[in-house]
Structure formats: C-alpha cells, structure tokens
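Chemist: heads up, no residue letters with this:
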C-alpha cells in the first residue's frame with residue numbers, strides 16, 4: 001500500500017492576480033520534494049495565470065474550487081468541468097462545506113459534479129464532514145457515511161480523493177484532535193470498503209481539512225489513515241504552506 005501524500009491549498013475568495021502571483025512565487029522558492037503531490041486552488045479568474053506560472057516548475061498542479069453540475073448552457077456565472085480542464089487544471093473541489101452551507105449544495109448535486117469532472121478527466125477532491133451540532137448529537141459517523149454513499153454510489157472511484165473537513169473546525173482555529181481525526185479517517189476507509197472494495201479503501205487518499213496549519217500538520221500527517229491536508233488559511237502564507245508540505 002503506497003498512497004499518495006498530498007497537500008492542497010484552497011485559496012477561497014482571496015488574492016487578486018498580482019497577489020496570487022506574489023504568493024505563488026513565495027511558495028515556489030521552497031516547494032519541498034516531489035514525493036508530495038502539491039496542488040493550489042486559486043479563484044477562477046486567476047487559475048489560468050497561476051497554471052501558466054507554475055507550469056515550467058512541474059512541481060505544482062492547479063485546480064478549481066468548484067464546477068457546475070451542468071455540462072454547458074445558459075447558466076450565467078457558472079463554470080463547467082470542460083472549461084476548467086481546457087485551461088490546464090488537473091483537479092477540482094466538490095462538496096466543500098462552504099458550498100453546502102452557503103449555496104445549498106446537496107450530496108445529489110455533488111454526485112452530478114463528480115460525474116462531469118471525471119468525464120472531463122479531472123481528479124476530484126470530494127469534501128465531506130459534520131457540523132458541530134451533528135457531532136454533539138453523535139450522528140457524525142452516519143452523516144459522513146451518507147455523504148459518501150449518496151455522492152459516490154455507482155461512480156468509478158479511481159480518480160477521487162476524499163477530504164474530511166469537520167465543519168466546526170474550518171476557519172475557527174479549532175482542530176480535531178489527532179485521535180478524532182484518525183478515528184474519522186479510519187471510519188471513512190470502512191465506508192469506502194463497504195461502498196466499493198478493500199483495494200479502493202486502502203488506496204484512496206484521505207486528506208484532513210479542518211484548520212490544519214504549520215504547527216499541527218506533522219502530528220496529523222503521522223496518523224496512519226491521514227494522507228495529507230486540504231489547507232485553507234495557512235495556504236495563503238507561503239512560509240506556512242511550505243512548512244506543511246514538509247511535514248510528512
């Protein structure tokens with residue numbers, strides 16, 4: 001078993017074009033070794049520029065923070081998987097908690113997006129995780145199982161990465177303990193085994209995505225079922241992001 005080690009930076013709605021290039025310049029000064037798959041997710045308008053900027057280095061890939069559940073058509077403001085692929089992206093995020101919370105995206109919508117992304121030869125990072133209320137109600141394992149089952153049923157999981165993001169730990173400074181994170185990642189592998197098979201469960205990378213930073217990354221990445229991180233705020237600081245990449 002030799003799962004990929006992955007660090008992905010989700011820049012969310014931050015960085016103008018000049019700021020994005022400045023950030024990426026800083027990251028490329030100390031990018032870590034190539035045993036780690038490194039991805040950045042800039043805002044839509046600057047993806048192409050960043051893709052071109054990192055292209056020569058060969059050490060980073062780019063992705064989009066979202067894609068439409070529609071292949072094409074009269075959907076003003078939306079961006080299709082085909083368009084994302086056409087500008088050199090290799091990855092797309094689907095199901096991020098902020099998309100679920102602010103834009104009402106469901107597991108069914110995520111499933112449509114995943115199918116279109118895969119059809120367009122994009123790798124998918126599918127985000128799942130529970131709210132604080134769901135954890136307090138002790139339904140967090142069921143919530144995650146449902147998110148996996150409803151979105152991935154009948155889909156070829158070969159090019160899918162899972163990101164577990166406890167919603168209560170995103171942007172709050174709170175982080176799941178090492179034990180809590182490992183427990184959920186192990187549960188996700190059981191769900192993948194039941195949904196697909198043991199090979200899929202053992203070979204699918206699962207990232208931790210709840211306020212992972214330069215201080216706690218090494219501890220989290222040491223867990224047997226945590227294969228890296230989907231990094232939010234810390235990916236906006238070049239030094240911190242590079243430290244996280246080197247935390248394996």
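Modeler: Looks like it came in fine. The shown structure was predicted, so the numbers you read here are calculated from the model rather than taken from an experiment.
Chemist: right, and the helix or strand after the one helix or strand in the chain whose mean pLDDT sits lowest?
Modeler: The helix or strand of the chain with the lowest confidence, counting by mean pLDDT, DSSP states H and E, is helix 132-136 at a mean of 90. Later in the chain than helix 132-136, the nearest helix or strand by DSSP states H and E is helix 140-152.
Chemist: Report all helices and strands that the helix ranked longest in the chain contacts.
Modeler: Ordering each helix of the chain by length in residues (DSSP state H) puts helix 178-195 first. Helix 178-195 sits against helix 140-152, strand 160-164, helix 198-203, strand 206-208, helix 217-221, with contacts defined as 3 or more C-beta pairs under 8 Å, 6 or more residues apart in numbering; DSSP states H and E. Every C-beta, even on glycine, is put in place using the N, C-alpha and C of the backbone.
Chemist: Not counting its own residues, what contacts the last one?
Modeler: When contacts are taken as C-beta atoms under 8 Å, 6 or more residues apart in numbering, the neighbours of helix 217-221 outside the stretch itself are 5, 175, 178, 181, 208, 212, 226-229, 243-244, 247-248.
Chemist: Tell me which of the residues you listed fall in strands.
Modeler: Assigned to strands by DSSP state E, the following of the contacts of helix 217-221 qualify: 5, 208, 228-229.
Chemist: ok, which pair from those residues is furthest apart?
Modeler: Taking C-beta to C-beta, the two most distant members of those are 5 and 208; they sit 12.4 Å apart.
Chemist: any shared contact partners between those two?
Modeler: Here residue 5 and residue 208 have residue 228 as joint contacts, going by C-beta under 8 Å, 6+ apart.
Chemist: Looking at these two, which is more packed in?
Modeler: For residue 5 versus residue 208, the count of surrounding residues by other C-beta atoms under 10 Å is larger for residue 208: 31 against 20.
Chemist: So which residue of this protein lies furthest out from the middle?
Modeler: In the chain, residue 74 marks the outermost C-alpha relative to the chain mean, sitting 27.9 Å out by C-alpha atoms, centre = their mean.
Chemist: can you pull the contacts of that residue?
Modeler: No contacts exist for residue 74 under C-beta under 8 Å, 6+ apart.
Chemist: Check residue 111 too.
Modeler: Here residue 111 is in contact with 150-153, 155 (C-beta under 8 Å, 6+ apart).
Chemist: ok, 7 Å please
Modeler: Counting by C-beta atoms under 7 Å, 6 or more residues apart in numbering, residue 111 makes contact with 150-151.
Chemist: quick one: it from residue 89, how far?
Modeler: As judged by C-beta to C-beta, to the nearest Å, residue 111 and residue 89 stand 20 Å apart.
Chemist: need the contact list for residue 88.
Modeler: Contacts for residue 88 (C-beta under 7 Å, 6+ apart) come out as 51, 62.
Chemist: run the last query once more with 6 Å
Modeler: Counting by C-beta atoms under 6 Å, 6 or more residues apart in numbering, residue 88 touches residue 51.
Chemist: Check residue 6 too.
Modeler: Contacts of residue 6 by C-beta under 6 Å, 6+ apart are 37, 205, 207, 228.
Chemist: Perfect, I'm done here.
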